[in-house]
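**Q** Here is a sequence together with a model predicted from it:
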Amino acid sequence: MAMTGENHVANLPDTVSEQAIYWFALLLDGSETEEDRRAFACWLNADPAHLEAFGDIERLWSGSTSLNLSTDNKVGRRAFMTGTAAAVVIGAGWVFAPHHPFADIRTATGERHRFSLPGGVEAELASDTVMSYVARDGVNGVELHRGEAWFNHLVTGSDFFVAAASGTSWSRGGRLDVAAYDGDVTVIAEQNPLIVRLGGAQTQLAAGNAVRYSDLQIGRPYEVDISTELAWRNGQLVFMGQPLGEVVRVLQRWQNGKIMIIGEELKSRPVTLVVDLERSKDVLPVLASVLSISVHRFTDYLTVIRAA
């Protein structure tokens with residue numbers, strides 16, 4: 001039997017932050033009743049701290065997403081809006097339209113896909129990656145809209161490029177990897193050097209090195225462990241002392257739904273871990289026991305991590 005708004009109030013957790021998570025999860029699931037919405041409105045109006053706590057959870061979910069809190073509207077999944085663009089729920093994940101509808105190749109969440117590109121280039125796409133074929137001055141290349149892709153440029157001496165955000169990585173043969181998330185791009189030269197160009201600046205990237213850039217600037221090259229950085233190609237994710245916040249960000253690329261961490265100190269806790277991508281959803285319960293943290297899955301769309 002479904003709980004009424006009165007039942008929900010009676011079952012609320014003790015702390016305000018936990019109450020905010022409880023309401024957020026209920027509304028996100030989309031199963032709330034009119035009575036639930038009235039109870040939620042009463043909870044919001046009861047104390048300014050309630051609205052502040054709910055806003056904190058909302059910002060953790062997505063910094064650009066707002067909930068319509070009017071009791072005249074349904075506040076479930078269908079009511080999430082950002083500016084003039086509606087949030088569209090596809091399957092078990094959130095997608096904000098438009099999402100490069102005319103892109104040539106894309107992978108679903110959790111999927112890897114390997115194929116050949118024109119001009120003697122092999123490619124492998126990681127989870128939730130979107131890419132298009134492009135050409136510049138007669139040179140074939142690709143534009144990476146979102147996600148991560150590995151390339152094996154087999155024809156030494158010919159040009160191939162990967163455009164991502166505002167920069168472009170140029171290859172004359174060899175293996176490279178490019179990852180583009182939220183405007184930040186990481187380029188890895190696995191074999192043979194690359195040239196990475198951003199605006200009027202360019203960087204020579206030696207094999208075994210990586211560089212990061214954004215719309216504003218390009219960083220300095222640094223050495224990387226190729227086997228660790230590209231472990232996803234072998235069905236693994238490898239973390240060596242990375243903060244829990246970074247581990248969660250990477251895990252989310254391979255899973256549907258949202259994982260939220262409550263507490264800045266918890267986000268910085270170091271994690272050393274090898275994840276089997278075929279069983280990535282089993283990772284958080286393991287971390288819960290190892291790190292003495294609490295992992296609560298509220299819905300298929302929301303998992304919350306907090307101190308135990």
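**A** Alright, I've got the coordinates.

**Q** got the residue ranges for the strands in the stretch 201-308 of the chain?
**A** 201-205, 209-213, 222-223, 236-243, 258-261, 270-276, 293-299, 302-307 (DSSP state E, counting those that start in this stretch).

**Q** What is the burial count for residue 293?
**A** Residue 293: 19 surrounding residues under other C-beta atoms under 10 Å. Using the backbone N, CA and C atoms, a C-beta is placed for each residue, glycine as well.

**Q** Name the residues linked to it by a beta bridge.
**A** With DSSP bridges applied, residue 293 shows beta-bridge pairing to residue 307.

**Q** which ones are touching the residue at minimal distance from the centre of the chain?
**A** In the chain, the centroid-proximal residue (C-alpha atoms, centre = their mean) is residue 253; its distance is 4.4 Å. The contact partners of residue 253, by C-beta atoms under 8 Å, 6 or more residues apart in numbering, come to 109, 126-128, 147-148, 181.

**Q** By neighbours, which of the residues you listed wins?
**A** Of these, with other C-beta under 10 Å as the count, residue 148 tops at 25 neighbours.

**Q** related to what we said a few turns ago, relative to residue 230, how far out is the residue nearest to the centre of the chain?
**A** Residue 253 sits 14 Å away from residue 230, taking C-beta to C-beta, to the nearest Å as the criterion.

**Q** circling back: and the residue nearest to the centre of the chain, what's its pLDDT?
**A** Looking at residue 253, its pLDDT is 94.

**Q** What of residue 262?
**A** 81.

**Q** Apart from its neighbours in sequence, what residue is nearest it?
**A** Spatially, and ignoring its direct neighbours in sequence, residue 262 is nearest to residue 306 (4.1 Å; C-beta to C-beta, 6 or more residues apart in numbering).

**Q** go on, residue 25?
**A** residue 298 (3.3 Å).

**Q** just checking, the one you found touches residue 260?
**A** No: assessed by C-beta atoms under 8 Å, residue 298 is found out of contact with residue 260, at 9.6 Å.

**Q** can you list residues touching both of these two?
**A** residue 304.

**Q** Please state the backbone phi and psi of residue 160?
**A** phi -150, psi 140 (degrees, to the nearest 10).

**Q** residues touching residue 243, list them.
**A** 267-271.

**Q** Burial check on residue 121, number of neighbours?
**A** 20.

**Q** Look up the residues forming beta bridges with it.
**A** The residues that residue 121 bridges to, once DSSP bridges is applied, are residue 117, residue 153.

**Q** From residue 127, how far off is it?
**A** 21 Å.

**Q** same thing with residue 298?
**A** In terms of C-beta to C-beta, residue 298 sits 23 Å off from residue 127.

**Q** Now render the contacts of residue 253 as JSON lines, adding secondary structure and pLDDT.
**A** Formatted as JSON lines, these follow (DSSP: H, G, I helix; E, B strand; the rest coil; pLDDT from 0 to 100):
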{"residue": "109", "secondary structure": "coil", "pLDDT": "93"}
{"residue": "126", "secondary structure": "coil", "pLDDT": "98"}
{"residue": "127", "secondary structure": "coil", "pLDDT": "97"}
{"residue": "128", "secondary structure": "coil", "pLDDT": "94"}
{"residue": "147", "secondary structure": "strand", "pLDDT": "97"}
{"residue": "148", "secondary structure": "strand", "pLDDT": "98"}
{"residue": "181", "secondary structure": "strand", "pLDDT": "95"}
